[in-house]
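Novice: Provided below are the primary sequence and the corresponding predicted coordinates.
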Amino acid sequence: MTTRTKGKNSYDHLAPLFTRLYVDDSTGRANADLATAFAYLLLPEILFYGLFALLTAILNAKHIFGPTAWAPVVNNVVVILTIGLYWVLPGDIADPVRITDPKILVLGIGTTLGIVVQSVMLLPALRRTGFRFRWNWGFDARLKEFGGLALWVLGYVAISQIALIIQNRVLTAAATGGVAIYSNAWLLFQLPYGVIGVSLLTAIMPRLSRAAADGDHR
C-alpha cells in the first residue's frame, strides 16, 4: 500500500475511488481518509454477504431456518466483542489517518470477521442436508425463465445505487456523522418490518414458490 501527502494522507488503490464516489468532504464534515482506510478492511465483506445470501436461499428451500436465524446473532456477538476491544485500547485514531492504526484494524477486521463467521456457520447445516456443490458448465435453460426478472432486478440495483450515492454525498456534506445519524434512524423505522415482515416472509416463501411452480395460484 502506498501513501501520498497533499495536506492529508490518501491511499492509491481502488478503495479511494469508492470513497470519492460516496463521500463529499468539500465541507470538511467528512473524513475521506478514514473512510478509505476502513474501505480496505470492509470491502471483502461483499463476498461473504453474497455467500450468506446463497447459503440462506439453499437452506430456506429445504425448510431449514434455524441456522440462518442464529447466524446474525453470532455476528452481533463478534461485533460486540470488537467494540469492547476497541474501547479498552488506549488513545484515539491517529491523525493523519493510517490503516495500520490499531484502533482502525480492530474495528475493520473485527467487523469483517463477524460477517465471515455469519456465513461460514451455515456450512455445517448445509452439509447435514446432504447438499454438495458441483460445477454445472454451460448455460442452464431454466435461466431463460429468469431473464426477464433479472433485467428488473439489475435495474432496481442500478437505481438504488444512484440514490445511495446522492444520499451519502448529501449526508457527508451536510453534517458531521450525517451517515451514522441517517443509518440509525433508518434502522429504527425498519425494525418492525425486519422482525415481523422479513421473518414471516422467509418462512413462507419456499411454500409460495412451490405452489406457484405447480400452478396452484389459489
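Specialist: That came in fine, so what should we check first?

Novice: now this structure, which segments are flagged as low pLDDT?
Specialist: For the chain, applying pLDDT under 70 flags the ranges 1-12.

Novice: Longest helix in it, please.
Specialist: helix 143-174 (DSSP state H).

Novice: Which secondary structure elements does that helix sit against?
Specialist: Packing partners of helix 143-174 (3 or more Cβ pairs under 8 Å, 6 or more residues apart in numbering; DSSP states H and E): helix 15-22, helix 178-192. Yep, even glycine has a C-beta here, placed from its N, CA and C like the rest.

Novice: Whichever helix or strand comes after the last one - contacts with which helices or strands?
Specialist: Helices and strands here follow DSSP states H and E; after helix 178-192, the next one along the chain is helix 199-213. Under the contact criterion of 3+ Cβ pairs under 8 Å, 6+ apart, helix 199-213 touches helix 45-61.

Novice: Can I get the helix it packs on as CSV, trimmed to CA atoms?
Specialist: Listed in CSV are the C-alpha atoms of helix 45-61, where the atom choice follows Å, rounded to 0.1, in the frame of the first residue of the first chain:
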residue,chain,number,x,y,z
GLU,A,45,-17.5,-8.3,3.3
ILE,A,46,-19.2,-8.1,-0.1
LEU,A,47,-18.0,-11.7,-0.9
PHE,A,48,-19.3,-13.1,2.4
TYR,A,49,-22.6,-11.2,2.2
GLY,A,50,-23.1,-12.9,-1.1
LEU,A,51,-22.1,-16.3,0.3
PHE,A,52,-24.5,-15.9,3.2
ALA,A,53,-27.4,-15.0,0.8
LEU,A,54,-26.7,-18.0,-1.4
LEU,A,55,-26.4,-20.5,1.5
THR,A,56,-29.5,-19.0,3.1
ALA,A,57,-31.5,-19.5,-0.1
ILE,A,58,-30.5,-23.1,-0.3
LEU,A,59,-31.3,-23.8,3.4
ASN,A,60,-34.7,-22.0,3.1
ALA,A,61,-35.6,-24.1,0.0
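
Novice: Great, nothing more from me.
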